[in-house]
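Novice: the following block contains a protein sequence and its predicted model.
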Amino acid sequence: MSVTLTFHGACGIVTGSCFRLSTAKATVLIECGLFQGTKTVRNLNYGPLPFDPKSIAATVLTHAHIDHCGLVPKLVRSGFKGDIFATPATGDLLSYVLPDSGHIQEIEVERLNWRNRRRGQPPVSPIYTRKDAEDALSRIVPKEYQEWFDIAPGMRGRYWDAGHILGSASLELAVELPDEDKPLSLLFSGDIGPGGKVLHDDPDAPHDIDAVIMETTYGDRERDDLTPEQRRAHLGDVIQRGLGKGGLILIPCFAVERTQELLVDLDALFDSRALPEVPVYVDSPLATRATEVFDRHLEDLADDGPTHPFRRGNVRFVKDVEESKGLSRLSGGAIIMAGSGMADAGRIRHHLRNNLHKTNTTVLLVGYQAPGTMGHLLCNGRKMVRIHGEEISVKAEIVMIDEYSGHADDRALLAWLGDRLPVHNDIFLVHGEEPSRVAFAAAARERFGADLPLRLPVMGETVSLSKSKPAKTLAKRPPLIDPADTIADWHNMYAETILALRHALEAAANDKERRHLLERMAKVIGDKRSHAKDRRTVRSQRKKG
């Protein structure tokens with residue numbers, strides 16, 4: 001049996017990372033991530049896993065972001081019995097990230113089932129529960145950077161600092177091959193940091209590899225090359241302007257890394273008096289726990305990192321739901337940081353519902369916003385959104401600051417790839433939307449030569465790997481979803497149509513025009529008969545009257 005690699009996620013999209021590596025001796029998973037984005041994309045989380053979990057000998061994770069680890073509890077619940085390898089810091093974060101994910105899913109499904117009961121629809125079950133997540137934690141085996149460890153028979157691994165978030169890693173694999181003196185060498189990049197981070201050293205990894213599986217999240221864009229001081233000044237300007245309007249600053253925040261980076265920069269801005277010491281509310285149980293982990297690991301972070309960024313008198317970690325609800329009484333002069341980072345779940349949605357309609361509110365987006373998410377809609381100028389079934393007018397100022405991204409931009413990705421060369425056989429570009437992957441492939445060929453062995457795999461594709469020749473595609477299954485549904489699916493279109501219809505009805509001159517508009521819509525969707533019946537009934541009643 002040859003060595004095979006199957007791409008189960010993060011191909012043409014940025015979430016759902018999962019790669020299955022099989023040899024004659026063992027099958028392992030590298031990543032097992034949750035799908036995020038449009039409802040159609042998220043629905044991929046609910047179906048059966050595309051492999052037998054009992055056949056997996058081990059799982060290796062690169063970091064604690066949910067799109068790389070979020071389906072691990074489902075994997076364990078479905079019969080996986082092996083070890084889950086991670087760096088020590090990633091293991092610490094997972095002890096909070098995974099149970100929190102299970103709890104969020106329970107809460108979201110509870111809310112959905114309440115609506116389903118009212119609509120006469122059947123209930124749904126969560127992808128997994130908090131208990132499932134807690135059961136999975138016992139399988140985590142911590143491994144340090146740059147120390148070889150046995151993963152499965154005939155397979156060893158070694159972690160390298162990826163510079164993305166606390167504990168993040170690229171994974172080097174050495175896979176034994178029959179009739180070969182040297183093992184097959186593979187490198188999974190994980191998520192690559194941009195370099196120059198306050199809390200991390202620059203990313204590192206080996207070169208002279210047989211095959212590389214590389215992320216391309218920002219493969220089509222170039223960010224301003226700001227120093228930490230310039231980035232901090234930009235943040236201060238946005239917050240100062242928002243405070244000057246007398247409103248709240250709402251920051252949909254990723255609980256792991258982004259929250260802590262912002263607290264570090266706010267700490268410096270308060271210390272320098274560039275900002276007044278207004279209250280900062282961290283309204284996320286996960287962010288609170290993750291900050292505790294960061295605090296414990298500060299000495300392991302970059303040598304020139306901060307020493308006391310999370311312990312200020314004006315920074316308040318919100319403890320419970322009632323305290324979170326109490327924040328609705330705030331009218332201005334404060335910063336609220338709450339999950340989730342794409343504003344698609346969690347407590348930030350309550351704060352947005354209460355404040356988006358106010359012109360003095362500032363919403364600060366500080367990271368990647370997947371297509372179809374609330375954050376994506378806001379940063380693309382949507383004037384009306386639906387939150388918890390309620391239509392909300394967007395009059396707040398929406399500001400996007402991309403300098404806090406944990407992902408390398410196209411220049412940094414090219415530099416990282418250049419440092420890995422030579423790559424003897426294949427470079428698989430993953431974890432990027434299709435325009436990003438295509439643009440990065442073109443830029444890489446221009447930089448390193450047209451014969452650079454780049455491949456853009458699709459979800460469900462299986463390839464054979466060897467030391468002596470390029471990978472060969474063995475199988476491709478039909479697409480799980482239409483690529484268009486990763487950008488805007490029918491759920492998005494439905495919400496947009498309902499909002500557009502409401503605006504058209506409100507703008508109509510009179511009831512006759514409104515009736516005419518609805519009749520035209522009914523004709524399009526084939527509901528002419530019921531409307532004709534309604535009109536005949538009205539005419540009959542008029543005659544009787």
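Specialist: Structure received. Numbers count the residues shown, from 1 in each chain.
Novice: from now on I want contacts and neighbour counts done on CA atoms only, so please keep to that.
Specialist: Noted.
Novice: quick check: can you list the domain ranges of this protein?
Specialist: 3-221+406-486, 228-400, 490-544 (automatic domain parsing).
Novice: reformat these as JSON lines; add mean pLDDT.
Specialist: Listed next are these as JSON lines, based on pLDDT from 0 to 100:
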{"stretch": "domain 3-221+406-486", "mean pLDDT": "93"}
{"stretch": "domain 228-400", "mean pLDDT": "89"}
{"stretch": "domain 490-544", "mean pLDDT": "75"}
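Novice: a markdown table for those, including mean neighbour count?
Specialist: Shown next, in a markdown table, are these (neighbours: other C-alpha atoms under 10 Å):
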| stretch | mean neighbour count |
| --- | --- |
| domain 3-221+406-486 | 20 |
| domain 228-400 | 19 |
| domain 490-544 | 12 |
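Novice: my read is residue 41 is in a strand, agree?
Specialist: No. Checked against DSSP: H, G, I helix; E, B strand; the rest coil, residue 41 lies outside a strand; its state is helix.
Novice: could you list the paired strands of the helix or strand where residue 364 lies along with their orientation?
Specialist: Using DSSP states H and E, residue 364 sits in strand 362-365. Here strand 362-365 has these sheet partners by DSSP bridges: strand 249-252 (parallel), strand 397-400 (parallel).
Novice: which residues of the stretch 251-400 of the chain fall in helices?
Specialist: 258-271, 285-297, 321-326, 348-355, 374-379 (DSSP state H, counting those that start in this stretch).
Novice: pretty sure residue 171 is in a strand, no?
Specialist: Yes. Read with three-state DSSP, residue 171 is one of the residues of a strand.
Novice: quickly list what it is bridged to.
Specialist: Where residue 171 sits in a bridge, its partners, by DSSP bridges, are residue 159, residue 188.
Novice: now for residue 114: which residues touch it?
Specialist: By C-alpha atoms under 8 Å, 6 or more residues apart in numbering, residue 114 lies in contact with nothing.
Novice: how far out from the middle of the chain is the helix or strand that contains it?
Specialist: Using DSSP H and E, residue 114 sits in helix 88-119. Helix 88-119 sits 15 Å away from the centroid of its parent chain (C-alpha atoms, centre = their mean, to the nearest Å).
Novice: could you check how far the residue nearest in space to the middle of the chain is from residue 240?
Specialist: Nearest to the geometric centre of the chain sits residue 67, at 5.4 Å (C-alpha atoms, centre = their mean). Using C-alpha to C-alpha, to the nearest Å, we find residue 67 at a distance of 33 Å from residue 240.
Novice: follow-up on the earlier one: and the strands paired with strand 362-365: which comes nearest residue 97?
Specialist: Evaluated over the strands paired with strand 362-365, closeness to residue 97 peaks at strand 249-252, with 16.8 Å, by C-alpha to C-alpha.
Novice: would you list the phi and psi of the spatially closest residue to residue 184 that is not a sequence neighbour?
Specialist: Distances taken as C-alpha to C-alpha, 6 or more residues apart in numbering put residue 175 closest to residue 184, at 4.9 Å, once the chain neighbours are dropped. Note on residue 175: backbone dihedrals following degrees, to the nearest 10 are phi -110, psi 120.
Novice: my guess is residue 175 contacts residue 210. True?
Specialist: No. Assessed by C-alpha atoms under 8 Å, residue 175 is found out of contact with residue 210, at 10.8 Å.
Novice: what would the helices of the stretch 251-400 of the chain look like in TSV with distance to residue 526?
Specialist: Shown next, in TSV, are the helices of the stretch 251-400 of the chain (distance: least, C-alpha to C-alpha, whole Å):
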stretch	distance to residue 526
helix 258-271	49
helix 285-297	48
helix 321-326	45
helix 348-355	35
helix 374-379	31
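Novice: out of those helices, which is closest to residue 391?
Specialist: Minimum separation from residue 391 across the helices of the stretch 251-400 of the chain (C-alpha to C-alpha) falls at helix 348-355, 8.8 Å.
Novice: isn't residue 440 up against residue 410?
Specialist: Yes. Applying C-alpha under 8 Å, one finds residue 440 in contact with residue 410, separated by 6.9 Å.
Novice: common neighbours of these two, please.
Specialist: Counting by C-alpha under 8 Å, 6+ apart, the shared contacts of residue 440 and residue 410 are 219, 220.
Novice: on that earlier part again, just the CA coordinates of the strand holding residue 364, formatted as CSV?
Specialist: Extracted as CSV, the C-alpha positions of strand 362-365 are listed here (Å, rounded to 0.1, in the frame of the first residue of the first chain):
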residue,chain,number,x,y,z
THR,A,362,-18.3,51.9,16.9
VAL,A,363,-17.9,48.2,15.9
LEU,A,364,-14.3,47.3,15.5
LEU,A,365,-13.5,44.1,13.5
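Novice: off-centre distance for that strand?
Specialist: Its chain's C-alpha centre and that of strand 362-365 lie 18 Å apart, by C-alpha atoms, centre = their mean.
Novice: and for stretch 41-56?
Specialist: 18 Å.
Novice: one more: stretch 389-406?
Specialist: Relative to the centre of its chain, stretch 389-406 is centred 16 Å away, using C-alpha atoms, centre = their mean.
Novice: circling back to that earlier point, could you redo the strands paired with strand 362-365 as JSON lines and give each row distance to residue 85?
Specialist: Shown next, in JSON lines, are the strands paired with strand 362-365 (distance: least, C-alpha to C-alpha, whole Å):
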{"stretch": "strand 249-252", "distance to residue 85": "30"}
{"stretch": "strand 397-400", "distance to residue 85": "35"}
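Novice: which of the ones you listed sits closest to residue 219?
Specialist: Ranking the strands paired with strand 362-365 by proximity to residue 219 (C-alpha to C-alpha) places strand 397-400 first, at 18.7 Å.
Novice: beyond that closest one, next helix or strand please.
Specialist: Per DSSP H and E, the first helix or strand lying C-terminal to strand 397-400 is helix 410-420.
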